[in-house]
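In: Could you look at this predicted model? Sequence included:
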Amino acid sequence: MTVHPRLTAVFEEVLRRNPGETEFHQAVREVVDSLGPVIDARPEYADAAVLERLCEPERQIIFRVPWVDDSGVIRVNRGFRVEYSSVLGPYKGGLRFHPSVYLGIVKFLGFEQVFKNALTGMPLGGGKGGSDFDPRGRSDAEVMRFCQSFMTELARHIGEYTDVPAGDIGVGTREIGYLFGQYKRITNRYESGALTGKGVEWGGSLVRTEATGYGTVLFAEEMLHTRDRSMAGLRVVVSGSGNVALHAVEKAQQLGAHVVACSDSHGAVLDEDGLDLDLLKQVRLAERLPVRAYAERRPNARYSPDARVWDVPAEVALPCATQNELTAADAKSLIAAGVLAVAEGANMPTTPDAVELFQNERVLFAPGKAANAGGVATSALEMQQNASRDAWTFDYTEQRLADIMRGIHDRCAATAEEFGAPGDYVVGANIAGFTRVADAMLALGVI
Ligand SMILES: NC(=O)C1=CN([C@@H]2O[C@H](COP(=O)(O)OP(=O)(O)OC[C@H]3O[C@@H](n4cnc5c(N)ncnc54)[C@H](O)[C@@H]3O)[C@@H](O)[C@H]2O)C=CC1
Ligand SMILES: O=C(O)CCC(=O)C(=O)O
């Protein structure tokens, strides 16, 4: 694909101003490569330097997070919050606690979040945050002290109308609880709308935990329908075994699929009988053990250290772990085995050359900013419930999620068609997300 000269200049400036931030470069590049047709059709975007402005976050906050471990040793981590764009609503996006976190990762996630949130059609800006803190192997008390220290700084930057964090890798209901507790204590306000992903007993929404994984599978189902197929009876592999992966397995099984593999950062499990989700949840969520423990308790399951789920033949592949985890070599294995659809539950899990291979082979491919938007959309539903002091039923909330995912699918498909790339959900998602943000930027002036 030839890239528009204006867009090439924007990307070169991104490289110059953000040295070493390779994930951020990759995320910007993917969007820039899609926007040529819309920049030609709507010159006012270029005149207003919309993309130049979007490549620079509105605010980047970096702070020290000191805390004391169980043996009394003082530890120091680095905290981040990148408040990326607020033209559509308060900054909204998760917090990631993982040793790999640095500014380039938070900026890539924040950039993706802006377009994703726009695609939902809801009043949400985009942001992301996190820390290089590793919660694995830490006691509850250590995680609590870390979260309290992290929030002691973050509290001055967030709020229902300014910036609303949620979870991501390494941040689940436990961490959101400690963060919310400290926020409440510092501000002396029960401001439920300041964080999402809360426990249902203290202001959370039913379905938020399940929403990202469920939404990813619902998106895959919508794509399959365009080829008169459905998930029922298809063989599925899922990478990861965290929040997104487990709930992707759950929804795929509910739709009648046969899910045979999942993984963690150490290895993969293959279970030809179909994954036993209750056992998997027991191992991963209740006991916080690696997936190897699942295979040890399941007679026909096989565990392979360092193995990847992409070597397992499947018709649907759902990368739900982390960025750049599905490479060109993996894509070739999946294509050779006859994969029909790939939907990204994680953010940017498929490398650009792997995406190109899938698209060249007409494999249905859903980018994360569309396929995994069910999580943030359900966070917006949580904020609606908080604002109206209400609590919706599981069925009602799930129905809202399903309607939102169908809407995102149809918006991406229609936009791709309109801009001459039928069936290309990457182009559809990027242009549909971009135009919503860009139109708001034109309306709000140079800010
Ligand atoms: N939690 C949410 O609502 C949303 C999460 N996401 C994305 O989904 C992905 C997963 O997030 P969560 O499930 O929330 O995190 P999590 O912390 O619950 O789970 C992460 C999982 O990935 C596994 N993992 C990490 N590196 C791996 C590797 N190299 N190979 C195989 N497995 C690996 C971990 O073992 C763990 O099972 C991330 O990319 C995140 O940004 C996207 C949208 C919303
Ligand atoms: O629910 C949210 O606010 C954020 C979810 C998130 O971090 C994501 O969509 O990547």
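Out: Thanks, I have the structure now. Ligands and ions are numbered 1, 2, ... in the order given.
In: and E12, how many neighbours does it have?
Out: Burial of E12, expressed as a neighbour count using other Cβ atoms under 10 Å, amounts to 10. Where C-beta positions appear, they are placed from N, C-alpha and C, glycine not excepted.
In: Quick check: phi and psi at it.
Out: phi -60, psi -40 (degrees, to the nearest 10).
In: what residues are up against it?
Out: For E12, the contact set (Cβ atoms under 8 Å, 6 or more residues apart in numbering) is empty.
In: What's the separation between it and ligand 2?
Out: 28 Å (Cβ to the nearest ligand atom, to the nearest Å).
In: from memory S85 sits against G126, does it?
Out: Yes. S85 is within contact range of G126, at 5.1 Å (criterion: Cβ atoms under 8 Å).
In: Strands along the stretch 251-400 of the chain, start to end?
Out: Remark: strands assigned in the stretch 251-400 of the chain by DSSP state E, counting those that start in this stretch are 258-263, 267-270, 302-305, 316-319, 341-343, 364-366.
In: Dump these into a markdown table; add distance to V249 as well.
Out: What follows is those, written out as a markdown table (distance: least, Cβ to Cβ, whole Å):
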| stretch | distance to V249 |
| --- | --- |
| strand 258-263 | 5 |
| strand 267-270 | 11 |
| strand 302-305 | 17 |
| strand 316-319 | 8 |
| strand 341-343 | 13 |
| strand 364-366 | 17 |
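In: just those strands: most buried one?
Out: Among these, ranked by average contacts under mean count of other Cβ atoms under 10 Å, first place goes to strand 316-319 (a mean of 32).
In: do it and ligand 2 meet at all?
Out: No. No part of strand 316-319 sits near ligand 2 under the criterion Cβ under 6 Å from any ligand atom; the closest distance found is 13.7 Å.
In: Next, count neighbours for the closest residue to ligand 2 within the stretch 301-447 of the chain.
Out: Proximity of the stretch 301-447 of the chain to ligand 2 (Cβ to the nearest ligand atom) peaks at S379, 3.3 Å away. By other Cβ under 10 Å, 30 other residues sit near S379.
In: Hmm, D168 and it touching each other?
Out: No. With contacts defined as Cβ under 8 Å, S379 does not count as touching D168, sitting 11.4 Å away.
In: Any regions of this protein where pLDDT drops low?
Out: 1-3 (pLDDT under 70).
In: mind running it again at 90?
Out: Applying pLDDT under 90 to the chain flags residues 1-6, 306-308.
In: can you pull the contacts of the residue most central in space within it?
Out: Taking Cα atoms, centre = their mean as the criterion, N347 is the residue nearest the geometric centre of the chain, at 4.5 Å. Counting by Cβ under 8 Å, 6+ apart, N347 touches F108, L109, E112, Q323, G368, K369, N372.
In: And the residue of the stretch 101-250 of the chain closest to ligand 1?
Out: Counting by Cβ to the nearest ligand atom, the stretch 101-250 of the chain gets nearest ligand 1 through G242, at 1.8 Å.
In: Could you report the distance from the residue lying closest to W310 once chain neighbours are set aside to ligand 1?
Out: Spatial nearest neighbour of W310, chain neighbours left out: D330 (3.6 Å); criterion: Cβ to Cβ, 6 or more residues apart in numbering. Using Cβ to the nearest ligand atom, D330 is found at 11 Å from ligand 1.
In: which residues touch D330?
Out: Per Cβ under 8 Å, 6+ apart, neighbours of D330: R308, W310, D311, A354.
In: From E175, how far out is the second one?
Out: Going from W310 to E175 by Cβ to Cβ, to the nearest Å gives 30 Å.
In: Give me the more crowded residue out of those two.
Out: When neighbours are counted by other Cβ under 10 Å, W310 and E175 differ, and W310 comes out ahead with 27 against 21.
In: So the more buried one sits against A317, correct?
Out: Yes. At 6.7 Å, W310 counts as touching A317 under the criterion of Cβ under 8 Å.
In: intersection of neighbour lists for those two?
Out: V237, L326, L334.
In: Buried ones among those residues?
Out: With neighbours counted by 16 or more other Cβ atoms under 10 Å, the shared contacts of W310 and A317 contain buried members at V237, L326, L334.
In: Look at the residue lying closest to A380 once chain neighbours are set aside and give its secondary structure.
Out: Spatial nearest neighbour of A380, chain neighbours left out: M122 (4.4 Å); criterion: Cβ to Cβ, 6+ apart. Under DSSP: H, G, I helix; E, B strand; the rest coil, the three-state class of M122 is coil.
In: How many residues are close by M122?
Out: Neighbourhood size, M122 [other Cβ under 10 Å]: 19.
In: quick one: it and T378 touch, right?
Out: No. The criterion here is Cβ under 8 Å, and M122 misses it with T378 at 10.2 Å.
In: Which positions in this structure make contact with ligand 1?
Out: Contact residues (Cβ under 6 Å from any ligand atom) of the chain with ligand 1: 94, 167-170, 212, 239-245, 263-265, 320-322, 325, 345-347, 372, 375.
In: make it 5 Å
Out: Residues of the chain lying near ligand 1 by Cβ under 5 Å from any ligand atom: 168-170, 212, 240-244, 263-265, 321-322, 346-347, 372, 375.
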